[in-house]
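Asker: Build me a structure from this.
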Amino acid sequence: MSDLKIGIIVGSTRPGRNGIQVGQWVKENASADGVEFELVDLHDFKLPLLEEPFPAGAGNYLGDEANAWASKVAEFDGFIFVSAEYNHSVPAALKNALDYVNAEWNNKAAAIVSYGSMGGVRAGEHLRQIFGELQMADVRTHVMFSLFTDFTYGENGESTFTPAALKAGELEGQISQLAAWARALQPLRAEADELAA
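Answerer: Numbers count the residues shown, from 1 in each chain. Coordinates of the predicted model:
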C-alpha cells in the first residue's frame, strides 16, 4: 500500500517537445517502497496565461482550468519536475502552472530532472528559487540530461531520448531523498489541512 503519491510534472507543452520522453522515462524508472508515481502532462490541462482575478494565495480559484489544476496538485505529497531550459530559465508553461496555485504546493518535497544544451542546470537553479517561495523543500540531487549526449536525432530533426545507463542510478538516489523528505513533511501538511478545515 502506498503512503505517498508523487507527481511527475512534464513542464513543456510545445509540439515536438523532448519533455514527454524524459517524463515517461522517469515514470518507467521511478520506484520506491510505499510510493505511487503519476505522470502529469501540463499539455493536458490547457492552462491559459494566468487570468485569475485573485492572487493564488487567496485560494479562490474561479476558472474551471484553475480548479482542475488545483485539485490535481493537491493530490500529491511531492513532485518531480521535468523541465527544459529556455533562455536560462524554465518554460513559460511551467512557470504559469506554478503561479496558478499556492497552498496546494506548500509543505511538499520537490525534485528536478532537467534537460538542455547544458543539462538544464540554469532552469533547475531558477526552479529552486521558485520552490522556496511556494514553501516546497527541494532535494539536492538534480538529474540532468544533455541534448547532445542523451538524445539522438533523425533526418528531420526528430529526437529520441537515449540516456546513459548511469542516469537510472542518479534518479534512484534522487527519489530516495524525495520520499524521505515528503514523509518528513507529512505532519506539516496534516496541520495545514486541519487549519483549512
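Asker: So residue 2 sits against residue 36, correct?
Answerer: Yes: counting by C-beta atoms under 8 Å, residue 2 does reach residue 36; the two are 4.0 Å apart. (C-beta placed from N, C-alpha, C; glycine too.)
Asker: The two: which has the busier surroundings?
Answerer: Between residue 2 and residue 36, residue 36 has the larger neighbour count (other C-beta atoms under 10 Å), namely 15 against 12.
Asker: can I assume residue 53 sits in a helix?
Answerer: No: membership of residue 53 in a helix is not supported by DSSP: H, G, I helix; E, B strand; the rest coil, which gives coil.
Asker: Relative to residue 63, how far out is it?
Answerer: Distance of residue 53 to residue 63, computed by C-beta to C-beta, to the nearest Å: 9 Å.
Asker: and the two? which has more neighbours close in?
Answerer: Per other C-beta under 10 Å, whichever of residue 53 and residue 63 has more neighbours is residue 63, with 16 against 9.
Asker: Secondary structure of residue 149: a strand, I assume?
Answerer: No: per three-state DSSP, residue 149 lies outside any strand segment and is coil.
Asker: List phi and psi for it.
Answerer: phi -120, psi -20 (degrees, to the nearest 10).
Asker: List the contacts of it.
Answerer: Applying C-beta atoms under 8 Å, 6 or more residues apart in numbering, we find residue 149 in contact with residue 164.
Asker: So for the lengthiest helix in the chain, what gets flagged as buried?
Answerer: Longest helix in the chain, counting residues (DSSP state H): helix 166-184. Burial within helix 166-184, assessed by neighbour count using 16 or more other C-beta atoms under 10 Å, is assigned to 167-168, 170-171, 174-175, 178-179, 181-183.
Asker: Make sure residue 160 is indeed in a strand.
Answerer: Yes: assigned with three-state DSSP, residue 160 falls within a strand.
Asker: And what about the residue located most distally from the centre of the chain, helix, strand or coil?
Answerer: Among residues of the chain, the one most distant from the C-alpha centroid is residue 155; the distance is 31.0 Å, by C-alpha atoms, centre = their mean. Under three-state DSSP, residue 155 falls in the coil class.
Asker: what's the pLDDT at it?
Answerer: As predicted, residue 155 sits at a pLDDT of 91.
Asker: do residue 195 as well
Answerer: 67.
Asker: ok, now which ones touch residue 121?
Answerer: Neighbour list for residue 121: 85, 114, 142, 144 [criterion: C-beta under 8 Å, 6+ apart].
Asker: I'd assumed residue 113 was in contact with the first one.
Answerer: No: no contact is recorded between residue 85 and residue 113 when judged using C-beta under 8 Å, the distance being 11.9 Å.
Asker: does the residue most central in space within the chain sit in a helix or strand, and which one?
Answerer: Nearest residue to the geometric centre of the chain (C-alpha atoms, centre = their mean): residue 81, 2.1 Å. Assigned by DSSP states H and E, residue 81 belongs to strand 78-84.
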